[in-house]
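J.: Quick check, what structure comes out for this input:
(chains A and B)
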Amino acid sequence: MAIVQNSPHLGRMLFGAGVATLLATFAPISAAGAADQVTFVSQGGAYQKAQTVAILDPAAKKLGITVNQDSAPDAWPVIKTQAASGKPTWDVVDTPTGYCLRGGEQGLIEKLDFSKLPNAAAMPAAYRNDYSVAYEFYSSVLAYSTKTFAAGAAPDSWADFWDVKKFPGRRALRNHPIATLEAALMADGVAPDKLYPLDVDRAFKKLDEIKPHITVWWTSGAQSAQLLNDGEVDMEMAWNGRVSAVANEGAKVGFTYNQGILQSTSLCILKGAPNMATAVRFLDEAVDPVLQANLPLHIDYGPANPKAFDTGVIKPERAAQLPSSPDNVKKQALMSYAWWSSPEGEAAEKRWAAFMQK
Amino acid sequence: MPTADPSLRHYRREQGLMLALSLPALLVVLLLIVVPVGWLGWQSIYHDGFTFENYRRIFSEDIYWKTFLFTFEISLLVTGLALLLGYPLAYAAHAASKGWSIVILALVVLPFWTSVLVRAYAWLVLLQRTGVINQLLQSLGIISEPLALVHNMFGTVVATVHILLPFMVLPLYAAMQKIPADLMQAGASLGASPSHAFRRIFLPLSLPGVLAGSTLVFVLCLGFYITPELLGGGRAIMVSMLVSRNVELYNQWGAASAVGVVLLLSVGIIFFVVSRFIRLDRVLGVQ
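T.: Prediction:
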């Protein structure tokens, strides 16, 4: 699975993670002997900083525990290594949902008992699975230059993106099948809630159509932001946080949540985690509606617990900008990580390179 | 063998001393290169039991041989262009006065101090649609629409040649410096025109440098990753990208290791073939 590249947070943390990892290495030692503690791992950078203020510190205070932080841009190999050793040092990991599922299948991730997780149990079934609970949402959206397209005349669906006559201009897509196959199917008329199981042949056929018109197949979130910012492309698929960051810097760009592909990272607990009981308590607290509602006050990602929007913490105008607000969720397709982790999903992923090389 | 020979004993003692002195360095090489590469090879054939699945895949799926072929093609192209640009440059540095020669070589080596990533982005700034070159050409009225200079093969090759040029120029320059100047004078005194003397004397004598530089550039280019990734627009798929892709796709190191092993073996074969024509220690700069 493409979990490495499946994270929109990866690019901005490369430097921060190193430092955070270094610091976190020593953290458990200094905290030893304290009351209950838990080691939490996320992806570092601005994203982890925002969580610390919004969720981690308040959760630690409320539960009277110490939350030791570590960060890994790519947690999967570490999860594998730690689980193989039989003595993991991490407890709770925030990682793309696909990893949690795969880890569960391979026996690296603890199966969750939702009777002990009231907050998580109250979340929509589609936001959780046997091994993990969604923690935050981002979306693969259709972004465009407002210089090229006047208000009201911008592409508003993947069908528009595919329509090179009505919307001439340079285009970019992600060099990756995840979310791109979904977009192709929606462009071909499949309804956002009827995507799975993906009709892979149909998606690739539709992609063949647009391929000659794609100027750049981007590989990193930073690259997608640069393409928009520099006017290299007029429209592209990009992660909402990247587009809003570019817009905040003054670039003439916009995006639509219409037919966006809603993606998440999730919280999961390592098999044999050293602080299992505390980990379970912490995991449930991390998806508490109020703490979840704090997150978008600090960064452009949406809370995973829909009840966060009922707390009053998130103002309506802020909610309208977030991928997981009830109104925006209705316009989008919810990614099925279960499908991408299935043999069909893996086969689709392997087809990608051959498609690119054709 | 008579061991009483004092000179032989002395020789052996010296050999022992040399070995002892180089032991730390050998250990470093062993620990940091031989062991990891061996581990890499081991993983490619062992995953819960011996398996050749990773190699079967490489030799049965189209994507692999196509990518290897493409990587070799682009490496050849880059090597050819680097030679075309590098030879006159090295010759200029060789023929110029000492002051100028230092300036030329400094300019060649200067980019070495910048990271490959920064140089790739610098090329992006120059080559992209709203980049320096397109804007200049447009303001001069030479073109009306921006040229597609990057996010394609062109941009990838330009930047790769730029990054690898020093590896061509320096061995060439070193080889040229070893050519005695009086040979060209002797040729001239025997009536050879400058171009004739160059072709018959200088060029053949500089060939070891050509071979050395070309080998270095070619082999380094085979493993290029960041430059094609950033400037290729997704179309320039190199072997190195297959390595990272396989880590993702198969969730185990073996699938990626096998690609690395095949690339390593190909490079080994190239070195072996080249070594039939040229002494490898000269390529590697050991005298």
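
J.: Tell me who's in contact with residue 108.
T.: In the absence of a named chain, chain A is used. Taking CB atoms under 8 Å, 6 or more residues apart in numbering or on different chains, we find A:L108 in contact with A:I79, A:K80, A:A83, A:L270, A:K271. (Each C-beta comes from the backbone N, C-alpha and C, glycine too.)

J.: The intended chain is chain B.
T.: By CB under 8 Å, 6+ apart, the neighbours of B:V108 are B:L89, B:A93, B:L165, B:P166, B:V169, B:L170.

J.: Which of the contacts of A:L108 fall in helices?
T.: A:I79, A:K80, A:A83 (DSSP state H).

J.: Output those in TSV; the columns should cover neighbour count.
T.: Output for the ones in helices among the contacts of A:L108, formatted as TSV (neighbours: other CB atoms under 10 Å in any protein chain shown):
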residue	neighbour count
A:I79	26
A:K80	18
A:A83	20
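
J.: ok, of those, which one's closest to B:N251?
T.: Each of those was checked against B:N251 using CB to CB; the closest is A:K80, at 8.0 Å.

J.: Now the particular helix or strand that has A:A348 in it - C-alpha only, CSV.
T.: In this structure, A:A348 sits in helix A:343-357 according to DSSP states H and E. In CSV, the C-alpha atoms belonging to helix A:343-357 read as follows (Å, rounded to 0.1, in the frame of the first residue of the first chain):
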residue,chain,number,x,y,z
PRO,A,343,-6.0,-7.9,-3.0
GLU,A,344,-8.0,-6.0,-5.7
GLY,A,345,-6.7,-2.7,-4.2
GLU,A,346,-3.1,-4.0,-4.2
ALA,A,347,-3.4,-5.2,-7.7
ALA,A,348,-4.7,-1.8,-8.8
GLU,A,349,-1.8,-0.2,-7.2
LYS,A,350,0.7,-2.5,-9.0
ARG,A,351,-0.9,-1.5,-12.3
TRP,A,352,-0.1,2.1,-11.8
ALA,A,353,3.6,2.0,-12.9
ALA,A,354,2.7,0.2,-16.1
PHE,A,355,0.1,2.8,-16.8
MET,A,356,2.6,5.6,-16.3
GLN,A,357,5.1,3.9,-18.5
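
J.: That helix and chain B, are they touching?
T.: Yes: Helix A:343-357 lies within reach of chain B by CB under 8 Å from any CB of the partner chain, at A:E346, A:E349, A:K350, A:A353, A:A354, A:M356, A:Q357.

J.: Could you check how far the fourth one is from A:Y99?
T.: Taking CB to CB, to the nearest Å as the criterion, A:A353 is separated from A:Y99 by 21 Å.

J.: out of those two, which sits in the busier spot?
T.: A:Y99 (30 against 23; other CB atoms under 10 Å in any protein chain shown).

J.: Quick check: phi and psi at that one.
T.: phi -60, psi -40 (degrees, to the nearest 10).

J.: Check A:S140 too.
T.: According to degrees, to the nearest 10, A:S140 has phi -90, psi 110.

J.: what's the answer for A:V53, then?
T.: Dihedral angles (degrees, to the nearest 10) for A:V53: phi -70, psi -40.

J.: before we move on, the earlier item: which of the ones in helices among the contacts of A:L108 lies closest to chain B?
T.: A:K80 (8.0 Å; CB to the nearest CB).

J.: For the helix or strand hosting A:I210, name the packing helices and strands.
T.: In the assignment (DSSP H and E), A:I210 maps to helix A:200-210. With contacts defined as 3 or more CB pairs under 8 Å, 6 or more residues apart in numbering or on different chains; DSSP states H and E, the packing partners of helix A:200-210 are helix A:158-162, helix A:180-187, helix A:343-357.

J.: got the angle for that helix vs helix A:180-187?
T.: Here helix A:200-210 runs at an angle of 80 degrees relative to helix A:180-187 (axes from the mean of the first three to the mean of the last three CA atoms, to 10 degrees).

J.: Just the angle for helix A:200-210 relative to helix A:343-357, thanks.
T.: Using the same axes, to 10 degrees: helix A:200-210 against helix A:343-357 is 20 degrees.

J.: Following the chain onward from helix A:200-210, which element is next?
T.: According to DSSP H and E, the helix or strand after helix A:200-210 is strand A:214-218.
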